[in-house]
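> Can you look at this prediction? I've put the sequence above it.
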Amino acid sequence: MNFLPPDHFLSLPRPDHGFPVVGMPDTSTVAAHDFDVDPRTGFMPPQPPLTRLPAEWEPWEAALDEALASDLQVASKEGLTDADVVRAERWRACVGELPVLSTDGLSTSEFLLRRAHHVLAWIMHFYAHTTPLSAPEVRIPPPVTLPLLQVSAQLQLPPVLTYSDDVLYNWAFRTPPQSDAFRPPVPALDNLRCLTLFTGTRDEEEFYLASARIELRGVHALGLMRAMMDEAFVGDATALRRITALLHDLARVIGDLKTILGAVREGCDPQVFYDEIRPWFKGADSDPQKRRWIFEGMERDPSLKYPPELSGPSAGQSSLIHALDVFLGVDRYSHTNFPLTRPKPKTATPHPPAPTASFSSVPSPPAVPFLVRMQSYMPRHHRAFLRHLSSNPRPLRALVENSDNVTLREAYNAALTALKEFRDMHVRIVALYILGPSRKAAGPAGSTVGTGGTDAFKFVQGVRDQTAGARLREGDES
Ligand code: HEM
């Protein structure tokens, strides 16, 4: 990608670029042009994410280490033993006794903030999901609540585990590559491992790495989009011929994404995923007991805001897949419908929280479609990138619709077909990993256990069908 002009958005510096990790101001928030999209690694950072915070925040790192070493089990696990319960209780008690650490020193660096969000969100999920099901509420203690909400406010992320915590910023090199002063090593698809796992299983690692590999393979798609935007600017017959070829290339790259997605079955067992991994992801809006999650101590910092919702991490937060939708002009079909139904809260307590010492996150039915909501869970630079892409003055779909060039239209439809086929595979994956196991759990007599599985399945099918429906027919115009 060395041929990019220096002022192209893919050539612009990344947050923290060239600065030492600690002690320098983060310029990313003032650099309106900086989308944190790297020409070599796309939405993944080119350098391995930070693996440990400086000593000042060691108590958080130690608490996370302890959680990982304690083999904590979700409270909803069938066959939970007394020993599991005691271990989790001990760990939660230690977390409750942690000092409430200041986050002031973290704001000097995007890398520090990311690591802090990763560590604290992971601790919060361990805390929430080991809380006994008999507890009427999930109460997150101040040592976690305060810094997590503060760091999240700075990053403009919700205070919950996101795709960026478990995929984008959760990797290291499996084997350290040869270092080269002129060309620092970038992650390769087959040389990644994860930093943090709930279960320590290969299944969980492969689940995250499937997404990471898709992000990395998708970098080529970002380059093709850029080239097509440049050609659309020229807009003459030669440019349309080039766009036609580039669309066929894009279809091939999306085909590769589908292959990588399907390969998740080689490393991640569906039953392990459903029983052991997925329960850790749930946010407040899919708490197994439909309880409130209370953020204790929030009143100590009046600047903290009430997060409108807390969904768990999802690859639906992948900016790459959103970028494909937006660039191809499919988002107005695939992103508009099918709000994934969220369980209603058990208590009818409405927003805002009562003016008491605690802050509670009360799940409420979503007002906006799932995929639009998921953009608020993306790193803010990536959200800005999607906005930038949406405001492209020469949208590709309109260009194709307004042209009578049949081969261009066929190439556009080929890219859409590839995206639809990616989603065909995704539908198969959701059937295998969620629908099937949820039906098994519901038992032959049927119960409500499988409902979430059915909703998720219908949702991904709906997005797939809307993608298929966006293909242009002869004579279609905007
Ligand atoms: C075992 C593997 C996977 C399972 C079980 C799975 C499951 C799901 C489920 C249940 C949803 C519905 C929304 C939610 O509840 O989060 C979803 C949405 C989504 N997932 Fe996956 N997923 C898997 C892998 C992936 C991978 C590797 C990607 C690619 C980065 C991906 C991309 C998406 C996208 C983009 C959506 C939003 C719907 C759409 O745009 O089609 N998923 N997934």
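Nice, I can see it.
> need the residues of the stretch 351-478 of the chain near the ligand, please.
L371, R423, H426, I429, V430, Y433, I434, A456, F459, V460, V463 (Cβ under 6 Å from any ligand atom). Heads up, the C-betas are built off the backbone N, CA and C, glycines and all.
> can you pull out the helices in the stretch 1-150 of the chain?
58-69, 82-96, 110-130, 142-155 (DSSP state H, counting those that start in this stretch).
> circling back: ok, of the residues of the stretch 351-478 of the chain next to the ligand, which one's closest to H381?
L371 (18.9 Å; Cβ to Cβ).
> Ramachandran angles for the closest one?
Backbone torsions of L371, given as degrees, to the nearest 10, read phi -70, psi -30.
> Show me the residues of the stretch 351-478 of the chain next to the ligand that map onto helices.
L371, R423, H426, I429, V430, A456, F459, V460, V463 (DSSP state H).
> residues contacting the fourth one?
Counting by Cβ atoms under 8 Å, 6 or more residues apart in numbering, I429 touches L261, G262, V264, R265.
> Residue ranges in the protein under the pLDDT threshold?
Where the chain drops to pLDDT under 70, the residues are 1-33, 337-367, 444-452, 475-478.
> if we go to 80?
In the predicted model of the chain, residues 1-34, 179-184, 306, 336-367, 442-452, 474-478 satisfy pLDDT under 80.
> what about the strands in the stretch 301-450 of the chain?
Per DSSP state E, counting those that start in this stretch, the stretch 301-450 of the chain carries strands over the ranges 358-361.
> Break down the stretch 151-300 of the chain into its helices, ranges please.
Applying DSSP H, counting those that start in this stretch to the stretch 151-300 of the chain gives helices spanning 163, 202-217, 219-234, 237-262, 264-267, 270-272.
> Please identify the buried residues of the fifth one?
By neighbour count, and taking 16 or more other Cβ atoms under 10 Å as the criterion, the buried residues in helix 264-267 are V264.
> Ok, the second one next?
By neighbour count with 16+ other Cβ under 10 Å, helix 202-217 contains the buried residues 203-217.
> Report the backbone C-alpha coordinates of it in PDB.
Provided in PDB are the C-alpha atoms of helix 202-217 (Å, rounded to 0.1, in the frame of the first residue of the first chain):
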ATOM      1  CA  ARG A 202      -8.800 -23.300  22.400                       C
ATOM      2  CA  ASP A 203     -12.500 -23.000  21.400                       C
ATOM      3  CA  GLU A 204     -12.800 -19.600  22.800                       C
ATOM      4  CA  GLU A 205      -9.600 -18.400  21.300                       C
ATOM      5  CA  GLU A 206     -10.500 -19.700  17.900                       C
ATOM      6  CA  PHE A 207     -13.900 -18.000  18.200                       C
ATOM      7  CA  TYR A 208     -12.200 -14.600  18.600                       C
ATOM      8  CA  LEU A 209      -9.400 -15.300  16.100                       C
ATOM      9  CA  ALA A 210     -12.000 -16.100  13.400                       C
ATOM     10  CA  SER A 211     -13.100 -12.500  13.600                       C
ATOM     11  CA  ALA A 212      -9.500 -11.200  13.900                       C
ATOM     12  CA  ARG A 213      -8.600 -13.100  10.700                       C
ATOM     13  CA  ILE A 214     -11.600 -11.700   8.900                       C
ATOM     14  CA  GLU A 215     -10.600  -8.200   9.900                       C
ATOM     15  CA  LEU A 216      -7.100  -8.800   8.600                       C
ATOM     16  CA  ARG A 217      -8.200 -10.400   5.300                       C
END
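> Pull the residues that contact it.
Against helix 202-217 from outside (Cβ under 8 Å, 6+ apart): 41-44, 163, 166-168, 170-171, 187-189, 192-194, 197-198, 253, 256-257, 260-261, 263-264, 266-269, 272-273, 276-277, 315, 318, 320.
> at 7 Å instead, please
Contact with helix 202-217 is made by 41-44, 166-167, 170-171, 187, 189, 192-194, 197-198, 253, 256-257, 260-261, 263-264, 267-269, 272-273, 277, 315, 318, 320, as judged by Cβ atoms under 7 Å, 6 or more residues apart in numbering.
> does that helix come close to the ligand?
Yes: counting by Cβ under 6 Å from any ligand atom, contacts between helix 202-217 and the ligand involve F207, A210, S211, I214.
> how close does the last one get to A263?
From I214 over to A263 the distance is 10 Å, taken as Cβ to Cβ, to the nearest Å.
> And the first one, by the same measure?
Distance from F207 to A263, counting by Cβ to Cβ: 12 Å.
> The third one too?
With distances taken as Cβ to Cβ, S211 is found 12 Å from A263.
> cool, L68 as well?
The value you get for L68 to A263, if Cβ to Cβ is used, is 26 Å.
> before we move on, the earlier item: top of the ones in helices among the residues of the stretch 351-478 of the chain next to the ligand by neighbour count?
Using other Cβ atoms under 10 Å as the neighbour test, these are led by V463, with 26 neighbours.
> residue contacts, the nearest residue to it once chain neighbours are set aside?
Distances taken as Cβ to Cβ, 6 or more residues apart in numbering put S334 closest to V463, at 5.0 Å, once the chain neighbours are dropped. Going by Cβ under 7 Å, 6+ apart, S334 touches D325, L371, V463, Q466, T467.
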